[in-house]
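> Got a predicted structure plus its sequence, pasted below:
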Amino acid sequence: MQEIHLSSLDLNLLRVFDALAEESSVTRAGARLGLSQSAISHALGRLRLILGDPLFVRGSDGMRPTARAQEIAPRLRQGLSQLQEALSPTAFDPGLSRRRFTIAAGPYAGAVLMPDVMHLIRAEAPAAELRVHAVDRSLGEDLESGRIDLAIGSFGRASPRFDREVLFHETAVWAMSARHPAAAGEHLSLEALALLPQVLMAGPQDRAIDGRIVEGGLERWVVWDDRGALDEALAGIGCEKVVALTVQDAQSALAIVSRTDMAALAPRRLATAFAQQYGLKLFEPPYRSPVIHVEALWRKDAGPSPAIDWLRSRLRSAAARL
């Protein structure tokens, strides 16, 4: 493999590589760095010559990284993150900061928590930028490399490499159309629930076991449910639940049940927010339903970071408003 001398590289070339790896687009990478498309293309040409690899090839869905670029990207991102931390002031001044924070969060946290988070960030750090990425299979690697500052979700076991804190607790309600015959009463019985086809809220489940995925030293829940409590309750009366549809987010589930004969177990805050808009009626579960802990999780060994500490404090403040 060709030996690379640092004297042949400059920081701007590395920033271009990092932006292309994340954006998969010359246009978006240029917009992110404040550079023209021709400047990005010129920098990519220099990188290709220095590293002896095409690095990124144009495909139908954007600029695809080669195997060599995929090998470089996470280590380079970690190095750039450490360099930024090393050069950052010991104290963090949100009013002057132009830092970009990156959070991994699902649609639920995006709808429930992020509005207040952004309200606080805009008020205190108007020049800062917040990026919210989907929680995906590379979460552990993204946290390790510094591509993501922290993640929000419901986690089980986690490697000692990560630290965590509970932001808030959530409970569930059953939602259905207010016009549904089963919605006529004030309470929903277990027997009535057993007869209702259900909409399940779940992320990608091809690797899930009992609603959980374990990857990169992290166990995370990808199904919004009651952790088996309904199955146990229905088994007690000789019934099983009927899942008619699976979607990836709670808002879609609520919109669907508003126009059908189905019901969905949904996060209380989100269901309450959309109940009037969608014409829903909400019911307490007719069985003991567990409380869900929504947490922030980050890499423990990243070292002191006043900026990340400030971001976590804004998350806590936003969660307290809930």
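Sure thing, it's come through.
> which residues sit against stretch 126-141?
Under the contact criterion Cβ atoms under 8 Å, 6 or more residues apart in numbering, stretch 126-141 has outside partners 74, 94-106, 110, 114, 117-118, 121, 142, 147-148, 151, 153, 159, 203-204, 207, 213, 215-218, 220. C-beta: built from backbone N, CA, C; applies to glycine.
> Could you rerun that using 6 Å?
Stretch 126-141 has contacts (Cβ atoms under 6 Å, 6 or more residues apart in numbering) with 97-106, 110, 121, 151, 153, 215-218.
> Stretch 315-322 too?
In this structure, residues lying in contact with stretch 315-322 by Cβ under 6 Å, 6+ apart are 113, 116-117, 120, 167-168, 296.
> just the buried members of the contacts of stretch 126-141?
The neighbour count (16 or more other Cβ atoms under 10 Å) marks 97, 99, 101-106, 110, 121, 151, 153, 216-218 as buried among these.
> circling back: take the contacts of stretch 126-141 and keep only those in strands.
Counting by DSSP state E, those place 100-104, 151, 153, 215, 218 in strands.
> quick one: residue 274 from residue 110, how far?
According to Cβ to Cβ, to the nearest Å, residue 274 stands 14 Å off from residue 110.
> pull the CA atoms of stretch 294-307 into PDB?
Only the C-alpha atoms of stretch 294-307 are listed here, as PDB (Å, rounded to 0.1, in the frame of the first residue of the first chain):
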ATOM      1  CA  VAL A 294     -35.900   7.600  27.200                       C
ATOM      2  CA  GLU A 295     -32.200   8.100  27.600                       C
ATOM      3  CA  ALA A 296     -29.200  10.000  26.200                       C
ATOM      4  CA  LEU A 297     -26.200   7.900  25.500                       C
ATOM      5  CA  TRP A 298     -22.600   9.000  24.600                       C
ATOM      6  CA  ARG A 299     -19.000   7.700  24.400                       C
ATOM      7  CA  LYS A 300     -17.500   7.800  27.900                       C
ATOM      8  CA  ASP A 301     -13.900   8.000  27.000                       C
ATOM      9  CA  ALA A 302     -14.200  11.000  24.600                       C
ATOM     10  CA  GLY A 303     -12.700  13.100  27.400                       C
ATOM     11  CA  PRO A 304     -13.900  16.400  28.900                       C
ATOM     12  CA  SER A 305     -16.100  18.400  26.500                       C
ATOM     13  CA  PRO A 306     -17.700  21.600  27.700                       C
ATOM     14  CA  ALA A 307     -19.700  21.800  24.400                       C
END
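> doesn't residue 226 fall inside a strand?
No. Membership of residue 226 in a strand is not supported by DSSP: H, G, I helix; E, B strand; the rest coil, which gives coil.
> what's the pLDDT at it?
Note for residue 226: predicted pLDDT of 85.
> Nearest residue to residue 312 in space, ignoring adjacent ones along the chain?
Counting by Cβ to Cβ, 6 or more residues apart in numbering, residue 312 lies nearest to residue 296, which is 6.2 Å off, once chain neighbours are set aside.
> how many neighbours does the nearest residue to residue 237 once chain neighbours are set aside have?
Leaving aside its sequence neighbours, residue 237 sits nearest to residue 190 (Cβ to Cβ, 6+ apart; 6.3 Å). Other residues near residue 190 come to 15 when the count uses other Cβ atoms under 10 Å.
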